[in-house]
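[1] have a look; sequence and predicted model below, questions after that.
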Amino acid sequence: MQRHTVLFQPDNIEIEVEWGTDLLTAVRQANIEIKCGCGGEGTCGKCLLRVLSGPVKMERQSLCEGFVIACQTRVAGDVVIEIPTFSRLLGHQVLLDSQSDVLTDALGLPSRFTFDPLCKKVSLKLSPPSLTDPSSDVSRLLLALRRSIGLSNIELDLNQVRLLAEVLRANNWQVDVTYVRVGDKVYVVSIDAAGHVDQLLGIAVDVGTTTVVVYLVDLLSGALIGKVGAHNQQAQFGDDVITRIIHGDEENNGLAELQQAVVGTIDDLVLVLVEKCKVRARDIKVMVAAGNTTMAHLLFGIQPRYIRLEPYVPTANHFPICRARELELQHVHPDAVVFNFPAVASYVGGDIIAGVLFNGMAEEEPVTLFVDIGTNGEMVLGNKDWLVSCSCSAGPAFEGAGVTCGMRAMQGAIEGLTIDEKTFEVTYSTIGGIRPSGICGSGLIDALAKMRKVGVIDRAGNMHHNLPTPRIRTSDAGIEFVLVWADEATDRDVVITEADVKNLLRAKGAVFAGIRSLLKLVDLDMSDIERIYIAGGFGNYLNINDAIEIGLLPDIGVNKYSFIGNSSVKGAYAALVASSALHEVEQLTERITYMELSAGNLFMEEFISAVFLPHTDLSLFPSVRS
């Protein structure tokens, strides 16, 4: 097979590929990350490149003049390719914490929990064997450990048994044993010389579809030593869980690629913390992770294909406790124990359990709505007596999927804007304060609200053709409104099309219909909701007034809303440093009732009513101008 060179600019990276290789594959081979929401299916049109020289074969034309779609364009000779800024996966806006968090004490623990870490160290002095006491080294160690901690269900790893004889004798039968207790089961992590363990560390991990966040925690004090986050490297295989499930199911080695990508993301972040905080990787002896059900499957290398197929059943809701080396995690102790939050159902996962654990709604009287608007829209409604949950496919649009110039919350994304009601001029702000290359979720919410207020769109999302502004125009994509002209942006106009608006109306309609469906299930009205917790990266940057204005969230008074930040990683942290929290986790999985929205007509009826601005029933939004 003939081979050709591909030179990527301005990176100045040159690789060699076979004739007919698509440019997306070539970009990945060059270790350059670009947007590809559909995972290479050719449906999102986000992987735009410019061919500077050389022959290519296009299987599908781009609507963006002067650019080709990487996954639909094949190498037909030596080529030079430019990767524009708006196509790159730049630095994500990662939510590490929330300044509005009022749910925790000074340690960062929910106040109902006391510090009692999952991982502990105990010092043991064993009596040496003799002719009158010839019991095995393992029996001798386990007996001493049982007497010390009062538990008998103890697991020793094979490698620990292999090394045990020499470790005991080299240290005169005095050792420090580090162990993790989950329920009534004890997992030995390490057996070291007495006084050898001077640090005891753990990590709490939010395994998000879009981003991954890691907390490094001192388990001797409960102190948070460091925190860091980055985009999930699985993004190269698609923006949403369905696209990734398809990749894992249909591509050769696809499942392994997805697992390696998320494990690699965690590993890279842990290494940053190890170096930044000047700690030893081998002192990290436990990891608690929380993520949605698909992300949990992919982390453990479990095939998730049936999650997307009716009747939408996961392989597992509870995940086996394993060791770090089984996942090939490189920058923690190889025998570190890995615990992953259980899921409720295919689309309500451990991240939601972690959020409910953190916010405490399951232990309190007020009727509370907990909403996590991320790549999917998941919610829990209830109080200490009952809890119901559901998930709606809404988030991908708010992460930029299916929106012409949509993008994730990265450098250069428009995150907020205003539109002058007379001139229709747009004032905007971007993440990082740099030239705009697209618009992210919070900006899209702003745009819908402001476009309706000034009359660019009507309640059904139709754009008005006859406004006195050049910003309204017709293109190959249909009628559109120009937010930013190309000379202010990066290479192209930033626009919102009428089709984009309709897509966003469907997304916001799904979230609101999910809320209404849960309320009807328990025979409650909007007025019965006493407080609403908003979690997640997108939710934290959401303008509540605009979200109400477009009918995304209930119109029950802004004072009832609270942002609780990244509740997934905070719940994981709570389980890491409080054993009673872990007990509560197991109870939550049994208490939360899951509502499958695709069963019956209730959700569809609510959805049809919710795809207007703000809704067909304006009485539900008394504060919104009709």
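    The structure has been received and is ready for your questions.

[2] got the phi/psi numbers for the most centrally placed residue in the chain?
    Residue closest to the average C-alpha location in the chain (C-alpha atoms, centre = their mean): residue 208, at 1.8 Å. Phi and psi for residue 208, reported as degrees, to the nearest 10, are phi -90, psi 160.

[3] mind checking how far it is from residue 40?
    Residue 208 is 21 Å from residue 40, where distance means C-beta to C-beta, to the nearest Å. For every residue, glycine as well, the C-beta is placed using N, CA and C.

[4] can you check residue 430 too?
    Residue 430 is 28 Å from residue 40, by C-beta to C-beta.

[5] now do the helices in the stretch 51-200 of the chain.
    137-149, 158-170 (DSSP state H, counting those that start in this stretch).

[6] just the buried residues of the first one, please?
    For helix 137-149, the buried set under the neighbour-count rule, 16 or more other C-beta atoms under 10 Å, comprises 137, 140-142, 144-145.

[7] any low-confidence regions in the stretch 351-500 of the chain?
    Across the stretch 351-500 of the chain, residues meeting the criterion (pLDDT under 70) sit at 375, 394-395.

[8] who does residue 124 bridge with?
    Beta bridges link residue 124 to residue 175, judged by DSSP bridges.

[9] A helix includes residue 236, no?
    Yes: counting by DSSP: H, G, I helix; E, B strand; the rest coil, residue 236 is part of a helix.

[10] surely it and residue 35 touch.
    No: here residue 236 does not reach residue 35: they are 9.3 Å apart, not a contact under C-beta atoms under 8 Å.

[11] need the residues touching each of these two.
    Common contacts of residue 236 and residue 35, defined by C-beta atoms under 8 Å, 6 or more residues apart in numbering, comprise residue 89.

[12] who has more neighbours, these two?
    Set residue 236 next to residue 35 and count neighbours by other C-beta atoms under 10 Å: residue 35 wins out with 27 against 23.

[13] would a markdown table of the helices of the stretch 51-200 of the chain with distance to residue 515 and mean pLDDT be doable?
    Output for those, formatted as a markdown table (distance: least, C-beta to C-beta, whole Å; pLDDT from 0 to 100):
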| stretch | distance to residue 515 | mean pLDDT |
| --- | --- | --- |
| helix 137-149 | 46 | 96 |
| helix 158-170 | 50 | 95 |
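
[14] does residue 228 really touch residue 211, like I thought?
    No: applying C-beta under 8 Å as the test, residue 228 and residue 211 come out as separate, 10.8 Å apart.

[15] between the two, who's got more neighbours?
    Between residue 228 and residue 211, residue 211 has the larger neighbour count (other C-beta under 10 Å), namely 25 against 19.

[16] any idea what the residue lying closest to residue 477 once chain neighbours are set aside is bridged to?
    Nearest-residue entry for residue 477: residue 497, 5.0 Å, with adjacent residues in sequence omitted and distances by C-beta to C-beta, 6 or more residues apart in numbering. Under DSSP bridges, the beta-bridge partners of residue 497 are residue 480.

[17] show me what contacts residue 497?
    Contacts of residue 497 (C-beta under 8 Å, 6+ apart): 404, 475, 477-481.

[18] quick one, which of the residues you listed are buried?
    404, 479-481.

[19] can you name the element that comes right after the helix or strand of the chain with the lowest mean pLDDT?
    Among the helices and strands of the chain, helix 537-540 carries the lowest confidence by mean pLDDT, DSSP states H and E, at a mean of 66. Sequence-wise, the next helix or strand downstream of helix 537-540 (DSSP states H and E) is helix 544-549.

[20] show me the contact partners of that following helix.
    Residues from elsewhere that reach helix 544-549 (C-beta under 8 Å, 6+ apart): 445-446, 448-450, 452-453, 534, 553-555, 558, 561, 613-614, 621, 623-624.

[21] now with 10 Å, please.
    Helix 544-549 has contacts (C-beta atoms under 10 Å, 6 or more residues apart in numbering) with 373, 416, 442, 444-450, 452-453, 508, 511-512, 532, 534, 539, 543, 552-561, 563, 613-614, 621, 623-625.
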